[in-house]
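Asker: Sequence plus the predicted model coming up.
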Amino acid sequence: NSILFRGVHVSKGAVVKNSIILQNVAIQEGAHIVNCILDKDVKVLEGKTLQGDPSSPYLAAKRSII
């Protein structure tokens, strides 16, 4: 139930659920993304967990490194 735009890289072992991932986002190994909106050029580091509420998703600004 997620939308991934072009240029998104989801590494092996990463999980993306109920999220919108915009262009050129990199999600490294072991990361968990649930109920999130990640803007362009965001980088989610290895093993990080980002989780929002279904009615209030977690938002990551452009070019953030999390």
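Answerer: That came through, no problem.
Asker: And for the closest residue to Ile65 other than its chain neighbours, the neighbour number?
Answerer: Of all residues not flanking Ile65 in the chain, Lys43 sits nearest, at 4.8 Å (C-beta to C-beta, 6 or more residues apart in numbering). In this view, the C-beta of every residue, glycine as well, is placed from N, C-alpha and C. For Lys43, the neighbour count with other C-beta atoms under 10 Å is 17.
Asker: Dihedrals phi and psi, Lys43?
Answerer: phi -120, psi 120 (degrees, to the nearest 10).
Asker: tell me the pLDDT at Gln60?
Answerer: Not Gln; residue 60 is Ala. On the pLDDT scale, Ala60 is placed at 98.
Asker: And for Gly47?
Answerer: 97.
Asker: need the contact list for it.
Answerer: Going by C-beta atoms under 8 Å, 6 or more residues apart in numbering, Gly47 touches 28-31.
Asker: can you pull the pLDDT of the residue nearest to Ile65?
Answerer: Lys43 is given a pLDDT of 98.
Asker: now it: how far from Ile21?
Answerer: Counting by C-beta to C-beta, to the nearest Å, the gap between Lys43 and Ile21 amounts to 12 Å.
Asker: hang on, the earlier thing: hey, what's the residue nearest to Ile65 bridged with?
Answerer: On the basis of DSSP bridges, Lys43 is bridged to Ala26, Ile65.
Asker: where do the helices sit along the protein?
Answerer: In the chain, no segments count as helices under DSSP state H.
Asker: Could you report the distance from the nearest residue to Lys48 once chain neighbours are set aside to Gly13?
Answerer: Of all residues not flanking Lys48 in the chain, Ala31 sits nearest, at 5.0 Å (C-beta to C-beta, 6+ apart). Distance, Ala31 to Gly13, using C-beta to C-beta: 8 Å.
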